[in-house]
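[1] One predicted model, sequence on top.
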Amino acid sequence: MKRFVTCEGPAAVLMEDNIDTDVIVRIERVAQGKRGEFAPWAFEALRYAPDGSENPRFVLNREPFRKAQILLTGANFGCGSSREMAVWALDDFGIRCVIAESFGDIFFGNCLQIGVLPITLARPEIERLARIAVAGHPIRVDLRAMRISAMGTTTVAFEMAASIRTLFLEGLDSVDETLRLRAEIDRFQEEDRRRRPWIYGPPRRQPMNAVVSIARQLRRSR
């Protein structure tokens, strides 16, 4: 997973509630693309007119927000289906951080696995940042300090579980996090095997070296 320490730049404002995963990426695109290919389809229903042309009123089609890495939005963002591709689409587009009043539970979990930082803030705080962001002023998210700042005068603190913060700061997914405990897991298994050998069954035979195996087969064939 990509590390996240700080992120700074224009923040796209999409202050709507209940933006579901089908809005973020349509279901028919899910079977058509692979990770790394979803950028053109992020927010497709909002970005494009029926004839395929860009909707000039949509924030991500306007400068300086075409390359926004931060998204400011409302409540229950990412609700709906559990499709992981919704987070892929944001990540492929270049969104590193979503600041919302609340998130769909499964979407929030997918963000943690893929590396898009989900920050929950009270609505008045988001709206305060949004008033600055709509003018194109950069927003800075500092995960180490757990602060969001803008124009050198507005600073908003946010909270995050220490375990989640560590995952992002160190660029770890849940598998990496488990592997960090490998020595402890191995010690537990060794001790448990001594205490409860019947759980593990008979010892497995170690596979023979391929050369030795072939040599023995040749010897038997003579």
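    That came through fine. Numbering: from 1, shown residues only.

[2] residue boundaries of the strands in this structure?
    6-9, 11-14, 70-73, 97-100, 117-120, 139-142, 147-150, 154-157 (DSSP state E).

[3] Tell me which strands the second one pairs with, and in which orientation.
    Which is strand 11-14. According to DSSP bridges, strand 11-14 forms sheet pairs with strand 70-73 (parallel).

[4] if we look at the strand it pairs with, which residues are touching it?
    Contact with strand 70-73 is made by 7, 9-16, 19, 90, 95-101, 126, 129-130, 133, 139, 141, as judged by C-beta atoms under 8 Å, 6 or more residues apart in numbering. Where you see a C-beta, it was placed from the backbone N, CA and C, and this is true even at glycine.

[5] Ok, stretch 79-90 next?
    18-22, 24-25, 27, 29-30, 33, 35, 38-39, 41-43, 71, 78, 98, 104, 106-107, 110-111, 113-114, 116.

[6] Equivalent analysis for stretch 190-197, please.
    By C-beta under 8 Å, 6+ apart, stretch 190-197 touches 199-200.

[7] Which residue ranges make up each domain of this structure?
    With domains defined by automatic domain parsing, the chain comprises 6-172, 178-221.

[8] Worst mean pLDDT among those domains?
    Ranked by mean pLDDT, the domains of the chain bottom out at domain 178-221, which scores a mean of 73.

[9] how deep is Arg195 tucked in, by neighbour count?
    Residues contacting Arg195 under the criterion other C-beta atoms under 10 Å number 8.

[10] Can you tell me how far the residue lying closest to Ile126 once chain neighbours are set aside is from Met15?
    Leaving aside its sequence neighbours, Ile126 sits nearest to Leu72 (C-beta to C-beta, 6 or more residues apart in numbering; 5.6 Å). Distance of Leu72 to Met15, given as C-beta to C-beta, to the nearest Å: 7 Å.

[11] Need the overlap of contacts for these two.
    Both Leu72 and Met15 are contacted by 126, 130, under the criterion C-beta under 8 Å, 6+ apart.

[12] So what's the residue count around the residue lying closest to Arg128 once chain neighbours are set aside?
    Distances taken as C-beta to C-beta, 6+ apart place Thr154 nearest to Arg128, at 6.6 Å, with adjacent residues excluded. Using other C-beta under 10 Å, Thr154 is surrounded by 15 other residues.

[13] Make sure Thr154 is actually in contact with Ala130.
    No: the pair Thr154 / Ala130 is not scored as a contact, 11.1 Å apart, by C-beta atoms under 8 Å.
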